[in-house]
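*Asks:* here is my input, please return the structure:
(2 chains)
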Amino acid sequence: MTAPTFDTVAVGDELPPLEFPPVNRTLLALFGGASGDHNPIHLDIDFARRAGIPDVFAQGMLGMAWAGRLLTRWVPQARLRRFDVRFQGITHLGNGMRCTGRVVEKIESDGERCVRIELQNTNQYGQSKILGDALIALP
Amino acid sequence: MIDKKWIGHELPPAVLPIERTRLQFFAKAIGETDPVYTDVAAAREAGYPDLPAPPTFLFAAELDSGAIDLLLERLEIPLPKLLHGEQGFSYHRPACVGDTVTVRSVIQDIYDKRNGALEFVVKSSSATNQRGELVAELRTVIVCRH
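*Replies:* Now for the predicted structure:
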């Protein structure tokens, strides 16, 4: 794939989607350690149950990091200007996440030609877990 | 209810040295396959002095430093009630292995919805490197559900 440029990208273009294997406990432990998020609600089923939650669930920032991968494999990271997400729902064990992105706007921002990307993480049941928005400067 | 007196409160600065093995660990955890994030030669080829911190990595600063724990303790938000509502980054320059990033945060707003069933805390942060240059700005919305 040739690197996207402002002139070759059109509103409606989709970024190549990314799919992930179902979330499991090993992944949550690895991400907890790597990200610094040691909240036991993501790691320890006993803690979760005492808190009235049936099981551990994924760190929100894991989903955001995945969405970030969607962006940085489309353009070099240095082109990323803004990256914002809203966590819409809890990503549960067994959820197989799919990250998608679509060009929704071509704009000029701070003297740079940019595209705005809408991002979404959905599980295998079509439930949306993250909605996001990124601003990318293109040559 | 979270006391609104905390609006304007500054958290202690969080100093995060960007380290190679940590970035490689992070890359593994998120299934990163782009060698720019794991292989120094590939990073240099891409124009970085060493491995770059990926887009969301700086969120680790205040987790590592304990500033987030302190925030939850001061605002009396128990872990089981905590949810991450929103997260945003704006980027100014890369942070790479060898850089030391300092994140400074202030509580920007506290509000509730549904008659207090959900409380929201908005935190805004700046991340600067060892030369005092702005690396990124962060915005976090944490939710306390009752």
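*Asks:* which parts of the chain are strands?
*Replies:* With no chain named, the answer covers chain A. Assigned by DSSP state E, chain A shows strands spanning A:18-19, A:80-87, A:98-109, A:112-122, A:128-137.
*Asks:* my question was about chain B, not that one.
*Replies:* Under DSSP E, chain B gives strands at B:14-17, B:82-91, B:100-113, B:118-128, B:134-145.
*Asks:* quick one on the thing from earlier: closest one to chain B among the strands of chain A?
*Replies:* strand A:80-87 (3.7 Å; C-beta to the nearest C-beta). Backbone N, C-alpha and C define where each C-beta goes, glycine included.
*Asks:* please identify the residues of chain B in proximity to chain A?
*Replies:* By C-beta under 8 Å from any C-beta of the partner chain, the residues of chain B that approach chain A are B:22, B:25-26, B:28-32, B:34, B:36, B:46-47, B:52, B:54-57, B:59-61, B:63-64, B:79-80, B:82-91, B:94, B:139.
*Asks:* from those, list the buried ones, please.
*Replies:* Among the residues of chain B next to chain A, those classed as buried by 16 or more other C-beta atoms under 10 Å in any protein chain shown are B:22, B:25-26, B:29-30, B:32, B:34, B:36, B:52, B:54-57, B:59-61, B:63-64, B:82, B:84-89, B:91, B:94, B:139.
*Asks:* in TSV: the strands of chain B, plus mean pLDDT.
*Replies:* Converted to TSV, these look like this (pLDDT from 0 to 100):
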stretch	mean pLDDT
strand B:14-17	98
strand B:82-91	97
strand B:100-113	98
strand B:118-128	98
strand B:134-145	97
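*Asks:* with distance to A:Arg49 added, can I get those in a markdown table?
*Replies:* A markdown table is the format used below for the strands of chain B (distance: least, C-beta to C-beta, whole Å):
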| stretch | distance to A:Arg49 |
| --- | --- |
| strand B:14-17 | 31 |
| strand B:82-91 | 17 |
| strand B:100-113 | 28 |
| strand B:118-128 | 23 |
| strand B:134-145 | 17 |
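*Asks:* how about the ones you listed, which one is nearest A:Arg82?
*Replies:* With C-beta to C-beta as the measure, strand B:82-91 is the member of the strands of chain B nearest A:Arg82 (4.8 Å).
*Asks:* now A:Ile130. Nearest residue, chain neighbours left out?
*Replies:* Nearest residue to A:Ile130 in three dimensions, chain neighbours excluded: A:Asn121, at 4.0 Å (C-beta to C-beta, 6 or more residues apart in numbering or on different chains).
*Asks:* report how many residues lie close to that neighbour.
*Replies:* 28 (other C-beta atoms under 10 Å in any protein chain shown).
*Asks:* what residue is smack in the middle of chain B?
*Replies:* Centroid check for chain B by C-alpha atoms, centre = their mean gives B:Phe59 as the closest residue, at 2.1 Å.
*Asks:* identify the residues contacting that one.
*Replies:* Going by C-beta atoms under 8 Å, 6 or more residues apart in numbering or on different chains, B:Phe59 touches A:Ser35, A:Gly36, A:Met61, B:Gln87, B:Leu138, B:Thr140.
*Asks:* what's the spacing between it and A:Glu118?
*Replies:* Distance of B:Phe59 to A:Glu118, computed by C-beta to C-beta, to the nearest Å: 22 Å.
*Asks:* for the spatially closest residue to A:Glu108 that is not a sequence neighbour, give the beta-bridge partners.
*Replies:* Leaving aside its chain neighbours, A:Glu108 sits nearest to A:Cys114 (6.9 Å; criterion: C-beta to C-beta, 6+ apart). For A:Cys114, the beta-bridge partners are A:Ile107, A:Ala137 (DSSP bridges).
*Asks:* ok, A:Cys114 touching A:Val104?
*Replies:* No - assessed by C-beta atoms under 8 Å, A:Cys114 is found out of contact with A:Val104, at 11.6 Å.
*Asks:* the more surrounded of those two?
*Replies:* Each of A:Cys114 and A:Val104 has its neighbours counted (other C-beta under 10 Å); A:Cys114 has more, 21 against 14.
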